[in-house]
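Colleague: Need a 3D model of the following:
(one chain, ligands or ions: 1)
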Amino acid sequence: CCTMALSDAEVQTARDVWGQIYANAEENGTIILVRMFTEHPDTKSYFGNFKGMGSAAEMEQSAQVRTHGKKIFSALNDMIQHLDSTDALLGVVNPLGKKHATQLKVDPKNFKIICNILLQVLDEKFGGDARAGFEKVTDVLCTHLNHAYKEAGW
Ligand code: HEM
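Modeller: Below you'll find the predicted structure:
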């Protein structure tokens, strides 16, 4: 895995980009979650509480969706704080990956989907440079998550 670690400069750039989107964690986490549910409606089936929700507007206003949007962003923030140490990063990513694999049984292809939506939103809100400065992070996270899934016997 470790050949793909980020350089110090890449970590700094990624943190600057992340700081911009994390400044509105609940709002932006919710936007990303709702876009995943809208563009890939099958992803709603993992969330017992969200299944029945129809329109994007309805989802955006749901307290449960908003709380979950914020939760995802908090977990990502935790990872971004540990980008400079693979061991520390794995300490955050591995338990989360294991939980999604064994308990929640989320198909790992959905991580790629949500990461791509995150990159799309970075591009829309902060421009192509912001997107480019974060692409390696989503690659690293997806690689580690896929590894955690393999370890969990997915
Ligand atoms: C960036 C990627 C993701 C992050 C950082 C993330 C983070 C989290 C966190 C922190 C929790 C709460 C865990 C706990 O309570 O112990 C959670 C729960 C959950 N996640 Fe994810 N997640 C991600 C992607 C996904 C995807 C792609 C799906 C499905 C399409 C998904 C489905 C779920 C479900 C169903 C729960 C349980 C919700 C509940 O009933 O409380 N997650 N996730």
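
Colleague: from here on, contacts and neighbour counts on C-alpha atoms
Modeller: Noted.

Colleague: Stretch 18-38: how far from the chain's middle?
Modeller: Distance, stretch centre to chain centre, for stretch 18-38: 9 Å (Cα atoms, centre = their mean, to the nearest Å).

Colleague: buried residues in that stretch?
Modeller: Across stretch 18-38, burial judged by 16 or more other Cα atoms under 10 Å covers 18, 21-22, 25-38.

Colleague: show me the contacts for the spatially most central residue of the chain.
Modeller: Nearest residue to the geometric centre of the chain (Cα atoms, centre = their mean): Cys115, 5.4 Å. In this structure, Cys115 makes contact with Thr138, judged by Cα atoms under 8 Å, 6 or more residues apart in numbering.

Colleague: From Tyr149, how far off is it?
Modeller: Cys115 is 17 Å from Tyr149, where distance means Cα to Cα, to the nearest Å.

Colleague: Next: Asp42.
Modeller: Distance, Asp42 to Tyr149, by Cα to Cα: 20 Å.

Colleague: Settle it for me: which of these two has more neighbours?
Modeller: Using other Cα atoms under 10 Å, the more surrounded residue of Asp42 and Tyr149 is Tyr149, with 21 against 12.

Colleague: Please report how far the residue nearest to the centre of the chain lies from Gly48.
Modeller: According to Cα to Cα, Cys115 stands 22 Å off from Gly48.
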